[in-house]
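Novice: Fold the following for me, if possible:
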Amino acid sequence: MKIRFAVIDDAAFLRELVKNIVTSAGGVCVGEAANGDEAVTLVESTLPELVFLDMVMPLRNGIETAKVLKELHPEIKIIGCSTIDQEAYVQKAYEAGFDAYVTKPFSKEQILEAISKVLPQQGESTHGRT
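Specialist: Numbering: from 1, shown residues only. Prediction:
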């Protein structure tokens, strides 16, 4: 799986966990951010194919961040990772542009399954990179 991804979460240990899971499967982490404002800057400078996005963060929450990212880059895939599992809130996430949603705590299998859901060609970069 040669996917370029970014991890946006205010908890450093969760960023590290997601990074380890996806890089061990062959993904390439292009960066991390701890809040929504940093996320927009990071995505603009690195253009990842996939973003793992927390819902509750300082400065700009996951829903607000997803709306901005999808407006700037409609092709980007967003996987939400959050402790929030209320159906109405998750529905708002999908409406904002999330492509998949994984509830914390999550397993390696749940993360990899979410990736194959949003990027079924996993291993083929949508940016023409190999």
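Novice: give me the element the residue minimising distance to the centre of the chain is part of.
Specialist: In the chain, the C-alpha nearest the mean C-alpha coordinate belongs to Phe52, at 1.6 Å (Cα atoms, centre = their mean). Element membership for Phe52 (DSSP states H and E) is strand 50-53.
Novice: Tell me the helices and strands packed up against that strand.
Specialist: Applying 3 or more Cβ pairs under 8 Å, 6 or more residues apart in numbering; DSSP states H and E, one finds that strand 50-53 contacts strand 4-8, helix 36-46, helix 62-72, strand 77-82. Bear in mind the C-beta positions are built from the backbone N, C-alpha and C, glycine included.
Novice: now for those, which one comes closest to Ala88?
Specialist: Checking those against Ala88 by Cβ to Cβ gives helix 62-72 as the closest, at 11.8 Å.
Novice: which parts of that closest one are buried?
Specialist: By neighbour count on 16 or more other Cβ atoms under 10 Å, the buried set for helix 62-72 is 62-63, 65-66, 68-70.
Novice: Where does pLDDT dip in the chain?
Specialist: Filtered on pLDDT under 70, the chain yields the residue ranges 122-130.
Novice: if you count residues, which helix in it comes out on top?
Specialist: Longest helix in the chain, counting residues (DSSP state H): helix 12-24.
Novice: and the following helix or strand past it, which strands flank it?
Specialist: Later in the chain than helix 12-24, the nearest helix or strand by DSSP H and E is strand 28-33. Note on strand 28-33: by DSSP bridges, its sheet partners are strand 4-8 (parallel).
Novice: which residues are in contact with the partner strand?
Specialist: 14-15, 18-19, 22, 27-36, 38-39, 42-43, 46-54, 57, 62, 65, 125, 127, 129 (Cβ atoms under 8 Å, 6 or more residues apart in numbering).
Novice: JSON lines for the helices and strands packed on strand 50-53, including distance to Tyr101?
Specialist: JSON lines is the format used below for the helices and strands packed on strand 50-53 (distance: least, Cβ to Cβ, whole Å):
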{"stretch": "strand 4-8", "distance to Tyr101": "14"}
{"stretch": "helix 36-46", "distance to Tyr101": "17"}
{"stretch": "helix 62-72", "distance to Tyr101": "10"}
{"stretch": "strand 77-82", "distance to Tyr101": "4"}
